[in-house]
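Asks: Kindly generate the corresponding structure for this input.
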Amino acid sequence: MDKTIEKLTVFFENPFWVGIFERISNGKLFVCKVTFGAEPKDYEVLEFILKNYENLNFSDAIDTEIKKTSDNPKRRQREAKMQVSNIGIGTKSQQALKLQHEKFKAIHKQVSKYQREIERQRKFDLKQQKRKEKHKGH
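Replies: Okay, the predicted model is just below:
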């Protein structure tokens, strides 16, 4: 049986409010970071999820373990209290976000290198054309 766990953590990361979407599916962790700006109200977060969830750009999959939850209601209450008091995101999520950031950084580096090379070639061609035009009229 496939089990999917979805989690949203909203916290203040100076100077903006940030939301971390975590999805665990088939033992794989997918993470997405969203910046809200001003402190979002509950209904604004719900509206954002309903409108934009399918457009979120999740990171590549990272292997993770799914912890078995207990059936004891008092233990569940304690765990919920700990999660509410714990501000931030898990280390696996941080690793996934870091990998996603590095991937985008590498892609951006390749694109900018390509654009620099095109610009350098264009300037060279323009310079060659000007040189040829100087020698044409004599």
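
Asks: Against which helices or strands is the helix or strand encompassing residue 116 packed?
Replies: Element membership of residue 116, judged by DSSP states H and E, is helix 91-136. With contacts taken as 3 or more C-beta pairs under 8 Å, 6 or more residues apart in numbering; DSSP states H and E, helix 91-136 sits against strand 16-25, strand 28-37, strand 62-63. Just so you know, the C-beta spots here come from the backbone N, C-alpha and C atoms, and that holds for glycine as well.

Asks: between that helix and strand 28-37, how many degrees?
Replies: In terms of direction (axes from the mean of the first three to the mean of the last three C-alpha atoms, to 10 degrees), helix 91-136 departs from strand 28-37 by 70 degrees.

Asks: avg pLDDT for helix 91-136?
Replies: Rounded to a whole number, the mean pLDDT of helix 91-136 is 89.

Asks: What of stretch 19-26?
Replies: In this model, stretch 19-26 carries a mean pLDDT of 88.

Asks: Quick check: buried residues in it?
Replies: Applying a neighbour-count criterion of 16 or more other C-beta atoms under 10 Å, the buried positions in stretch 19-26 are 19-24.
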